[in-house]
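Participant: predicted model, plus sequence, below.
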Amino acid sequence: GENVEQHPSTLSVQEGDSAVIKCTYSDSASNYFPWYKQELGKRPQLIIDIRSNVGEKKDQRIAVTLNKTAKHFSLHITETQPEDSAVYFCAVGGVGTYKYIFGTGTRLKVLA
Amino acid sequence: GAVVSQHPSRVICKSGTSVKIECRSLDFQATTMFWYRQFPKKSLMLMATSNEGSKATYEQGVEKDKFLINHASLTLSTLTVTSAHPEDSSFYICSGAGGNTGELFFGEGSRLTVL
């Protein structure tokens, strides 16, 4: 089955700096890669996603890049703000299946 | 966006009792719902896939007789933890698939504590 690894497990950055979180996956048939943000005690919320036919997607300060050959994808947050502090999960699945395997999570702390 | 509501948010029960957690899609029909378990500072572990009107599909290692899942309507799925034990204490989250965007929407989660 699919195996998803996520690094780093914790990440501290100064406000205004960039943060990068990476995930690798094993199943080359996977074609949908969402990222979720979970604040303490709250539900995970989708922040950005990418499909396998695209190499990069950007939404304001957030971007995701995908390398299908190497089977890894990354979340990039620029100009970080304290409210970006949360746990971020990558996920891997198939378009329309909704059955995702989640990464182990990255706890991001943005220091003011 | 679409809303998935989960209830109760917190529940404390005695060992040996059963606890039911409800997951409702409020403004869309969720043909498929998923149940996850999340340990402290850990990832979301998929427990089962629930399809309306059919039996749930459980992930390997998840006891179907322990975690009963019912998806009787397009807007409601329930998870019943039967004969709960302290090791069942965890954060349980549901999600619903559907809506106009095809996005997966999560409930608020239910924190179960078994004494």
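Facilitator: Sure, I can see it. Computed from a predicted model, the values in this text were never measured in an experiment.

Participant: what residues does chain A put near chain B?
Facilitator: A:6, A:34, A:36, A:41-46, A:89, A:96, A:98-105, A:107 (Cβ under 8 Å from any Cβ of the partner chain). The way it works is simple: take the backbone N, C-alpha and C, and place the C-beta from them, glycine included.

Participant: just the ones in helices from those residues, please.
Facilitator: Under the assignment DSSP state H, those contribute nothing to helices.

Participant: now, of these, which are buried?
Facilitator: Among the residues of chain A next to chain B, those buried by neighbour count (16 or more other Cβ atoms under 10 Å in any protein chain shown) are A:6, A:34, A:36, A:43-44, A:46, A:89, A:98-105, A:107.

Participant: so among these, where is pLDDT lowest?
Facilitator: Least confident of those in the model: residue A:98, at 83.

Participant: who's in contact with that one?
Facilitator: Counting by Cβ atoms under 8 Å, 6 or more residues apart in numbering or on different chains, residue A:98 touches B:32, B:34, B:95, B:97, B:104.

Participant: and what of residue B:37?
Facilitator: B:44, B:45, B:47, B:90, B:91, B:92, B:93.

Participant: repeat that for residue B:79.
Facilitator: Counting by Cβ under 8 Å, 6+ apart, residue B:79 has contacts B:20, B:21, B:23, B:35, B:47, B:67, B:68, B:69, B:92, B:94.

Participant: could I get those as TSV with secondary structure and distance to chain A?
Facilitator: Below are the contacts of residue B:79 laid out as TSV (DSSP: H, G, I helix; E, B strand; the rest coil; distance: Cβ to the nearest Cβ, whole Å):
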residue	secondary structure	distance to chain A
B:20	strand	20
B:21	strand	14
B:23	strand	11
B:35	strand	12
B:47	strand	12
B:67	strand	17
B:68	strand	20
B:69	strand	15
B:92	strand	12
B:94	strand	10
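
Participant: count of neighbours near residue B:9?
Facilitator: Counted with other Cβ atoms under 10 Å in any protein chain shown, residues neighbouring residue B:9 total 13.

Participant: what do you get for residue B:63?
Facilitator: 10.

Participant: would you mind measuring from it to residue B:74?
Facilitator: 27 Å (Cβ to Cβ, to the nearest Å).
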